[in-house]
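Asks: here's my sequence, what's the structure:
(chains A and B)
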Amino acid sequence: MLYSIFVDPFVQMVELPDLLVQVLWEGVVAGVLYALIALGFVLIFKASGVFNFAQGIMVVFAALSLVGLHENGVPAPLALVLTVAIMYALAWSIERIVLRPLVNQPDIILFMATFGISYLLIGLGEFIFGGQPKMMITDQLMLPRGAIDLQILGGRVTVQKLDIAAAVIAGMMVALLAVFFRSTRVGLALRAVADSHKAALSVGISLNHIWVVVWFTAGLVALVTGIMWGARSDVSFALQIIALKALPVLILGGFTSVPGAIVGGLIIGVGEKLGEFYWGPLVGGGIESWLAYLIALVFLLFRPQGLFGEKIIERI
Amino acid sequence: MAASGERRIGDVVLKVENISLAFGGVRALNDVSFDIRAHEIRAIIGPNGAGKSSMLNVINGFYHPQQGRITFKDIARENFGPYDAASRGIARTFQNIALFKGMSTLDNIMTGRLLKMKVPFFWQLLRYGPAMREEVEHRRFVEGIIEFLEIQAIRKVPVGRLPYGLQKRVELGRALAMEPDLLLLDEPMAGMNVEEKEDMCRFILDINDEFGTTIALIEHDMSVVMDLSDRVVVLDYGRKIADGTPEEVRSNREVIDAYLGVRH
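Replies: Now for the predicted structure:
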């Protein structure tokens, strides 16, 4: 028993390195996609200290809008632009209707409000686009299709072109967001608003403006996430379940860190795939669905603020 | 130590007329009028619950009075928010410090420069050309303030970890970074020890002297108020009961009654 837990998997890894590379790659891709979802949460959490329960449904809503528009005869590039506009309209309305009346309320109230937004969007999405799963318009968006076979370490590793594209796009987005937070005035204002509304107001930061910006950015991230996830499976309301996978990622990476979301995503993704492939058979497989939470749980014991999270030390 | 003479004091910058503010049945301010002149240090004093902080919150746009008018730099305004106040040159500090606790001293003070940053977002994203120049410029300004307030050593420390007195100083720094025309200080010396109070007094006088900043402050320590201020407004139960130089106010019958709690 102990042998098959502690020795055998590693022997396999060494014996069949190409298989290990394949598993690692699968893990990295899954990780990148988790990271994308986590990013949406981080953005809103950073700027308003609120866990946005609606992020998962925003992913679905964005993807549905894109596909739905295209189905109704709008050419793909225009549909993309229109979807971006829809996400802006959504951000604006959320600020206007939900957030503005709740200024200075406790975070838990805002959190509950995001539940409301979430159900509203589910209803709205079903009402407008119907409940059936749709195909993502992968080709029309000029996303690559097919696979590349690589000869590595005496074996063959298959890499989907789409996955490469996803990794590249996610990487670019993260870099952009990191710069956005660090070196723009909006970034500084965002961090300020996250910390204290009162103080932010006193230096002339307009909360309303900042919230629109942040929800819009989260909407854009949701759109990219929706396209990427949608291209791998299909676009349906079941997609919002993957948002739950963002939780362990956030616990690992810290709720306030953009790089943390990426590293957390990769650890969860790779951990999941390795676990499933090498240790899964011991318990009959299927550990992929809960391993992430286990990793997060263990992590919480040792570093509750996450890998990159801000450790808040306050004087009392 | 008293501020130096009437000659440098200019025209009225802020005029508060017949302000009334109520929260439900509680009248926080009742028909209060006074003015603040350029370059002066104006104190607002009064017993607890007199409406001093409410007055600052009205001036700063946090509260909207039900009645009355406020004229700042010759422009009267009705309902305007803290954003408008800040962009027209009113900066403030708070009684119970409001800082960005997770951010460093430097970043905290830098937020005071936000309204002055004009370079388009796109250039900032690229960290290129005009954006770099602007950042260097603001950074230099902020360093100047850090030096002025003698907080070089804590430049990179997250302010949540600083002792109370230093947090107050950082908060003052952030307000100064806005290059305000009117600086509102809500109990800048509350909870400080004697040494810290003396430092803070010195800073306030220096700010007023060197930058010519108009200052309105709320303070409980009477000796501080008498030393610092050019003119004093006294509030009690939301009403103005006296207004004048420290000497006039000190000898005012009603003020003495309010402070000593004489029954009328």
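Asks: which helix or strand contains the residue of the stretch 51-200 of chain B found nearest chain A?
Replies: Residue nearest to chain A within the stretch 51-200 of chain B: residue B:86 (2.8 Å; CB to the nearest CB). C-beta here means a position set from N, CA and C on the backbone, and glycine is covered the same way. According to DSSP states H and E, residue B:86 maps onto helix B:82-87.
Asks: ranges for the strands of the stretch 101-250 of chain A?
Replies: A:147-152, A:155-160 (DSSP state E, counting those that start in this stretch).
Asks: the residue of the stretch 51-200 of chain B closest to chain A: neighbour count?
Replies: Neighbour count for residue B:86, taken as other CB atoms under 10 Å in any protein chain shown: 25.
Asks: contacting residues for the nearest residue to it once chain neighbours are set aside?
Replies: In space, and not counting its chain neighbours, residue B:86 is closest to residue A:204: 2.8 Å by CB to CB, 6 or more residues apart in numbering or on different chains. By CB atoms under 8 Å, 6 or more residues apart in numbering or on different chains, the residues touching residue A:204 are B:82-83, B:85-87, B:114-115, B:178.
Asks: please identify the buried residues of stretch B:16-24?
Replies: B:16, B:19-21 (16 or more other CB atoms under 10 Å in any protein chain shown).
Asks: the residue lying closest to residue B:151 once chain neighbours are set aside and residue B:113, how far apart?
Replies: Distances taken as CB to CB, 6+ apart place residue B:169 nearest to residue B:151, at 5.8 Å, with adjacent residues excluded. Per CB to CB, to the nearest Å, residue B:169 is found 18 Å from residue B:113.
Asks: near chain A at all, stretch B:176-190?
Replies: Yes: residues of stretch B:176-190 are located near chain A by CB under 8 Å from any CB of the partner chain, namely residue B:178.
Asks: centre of the chain to that stretch, how far?
Replies: Distance, stretch centre to chain centre, for stretch B:176-190: 3 Å (CA atoms, centre = their mean, to the nearest Å).
Asks: what of stretch A:50-64?
Replies: Relative to its parent chain, stretch A:50-64 has a centroid offset of 10 Å by CA atoms, centre = their mean.
Asks: repeat for stretch A:109-120
Replies: Centroid separation between stretch A:109-120 and its chain, computed with CA atoms, centre = their mean, is 18 Å.
Asks: ok, stretch B:12-19 next?
Replies: 16 Å.
Asks: now it - C-alpha only, CSV.
Replies: The C-alpha coordinates for stretch B:12-19 follow below in CSV (Å, rounded to 0.1, in the frame of the first residue of the first chain):
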residue,chain,number,x,y,z
VAL,B,12,-12.8,85.3,2.5
VAL,B,13,-12.3,81.9,0.8
LEU,B,14,-15.1,80.0,2.4
LYS,B,15,-18.4,81.4,3.5
VAL,B,16,-20.8,79.2,5.4
GLU,B,17,-24.3,80.7,5.7
ASN,B,18,-27.2,79.5,7.8
ILE,B,19,-26.3,75.9,7.7
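Asks: list the helices and strands the helix or strand hosting residue A:69 packs on?
Replies: Residue A:69 belongs to helix A:55-71 when assigned by DSSP H and E. Packing contacts for helix A:55-71, counted by 3 or more CB pairs under 8 Å, 6 or more residues apart in numbering or on different chains; DSSP states H and E, involve helix A:17-48, helix A:76-93, helix A:107-129, helix A:207-232.
Asks: show me which positions of the shortest one end up buried.
Replies: To tie it back to what came earlier, the one meant is helix A:76-93. Buried residues in helix A:76-93, counted by 16+ other CB under 10 Å: A:76, A:79-80, A:83-84, A:86-87, A:90-91.
Asks: what residues does that helix touch?
Replies: A:58, A:61-62, A:65-66, A:69-70, A:74, A:137, A:140-141, A:211-216, A:218-220, A:222-223.
Asks: just the buried residues of these.
Replies: A:58, A:61-62, A:65-66, A:69-70, A:74, A:137, A:141, A:211-216, A:218-220, A:222-223.
Asks: which of the residues in the helix holding residue B:86 are buried?
Replies: Buried residues in helix B:82-87, counting neighbours by 16+ other CB under 10 Å, are found at B:82-86.
Asks: next one: stretch A:282-292
Replies: Across stretch A:282-292, burial judged by 16+ other CB under 10 Å covers A:287, A:291-292.
Asks: one more: stretch B:243-257?
Replies: Buried residues in stretch B:243-257 (16+ other CB under 10 Å): B:243, B:246, B:249, B:252, B:255.
Asks: so the third one touches residue B:255, yeah?
Replies: When you say that, I think you mean residue B:249. Yes: contact criterion CB atoms under 8 Å: residue B:249 and residue B:255 qualify, at 5.7 Å.
Asks: low pLDDT regions in chain B?
Replies: Along chain B, the parts satisfying pLDDT under 70 run over B:1-7, B:79, B:122, B:127, B:262-264.
Asks: which residue packs closest to the residue most central in space within it, ignoring adjacent ones?
Replies: Centroid-nearest residue in chain B, with CA atoms, centre = their mean: residue B:184, separated by 1.4 Å. Computed as CB to CB, 6+ apart, the closest residue to residue B:184 that is not its neighbour in sequence is residue B:92, at 3.9 Å.
Asks: near chain A, which residues of the stretch 51-200 of chain B? Just list them.
Replies: When proximity is defined as CB under 8 Å from any CB, the stretch 51-200 of chain B approaches chain A at B:60, B:62, B:81-83, B:85-87, B:91-92, B:94, B:98-103, B:107, B:110-112, B:114-115, B:117, B:121, B:124-125, B:127, B:131, B:135, B:158, B:160-164, B:174-175, B:178.
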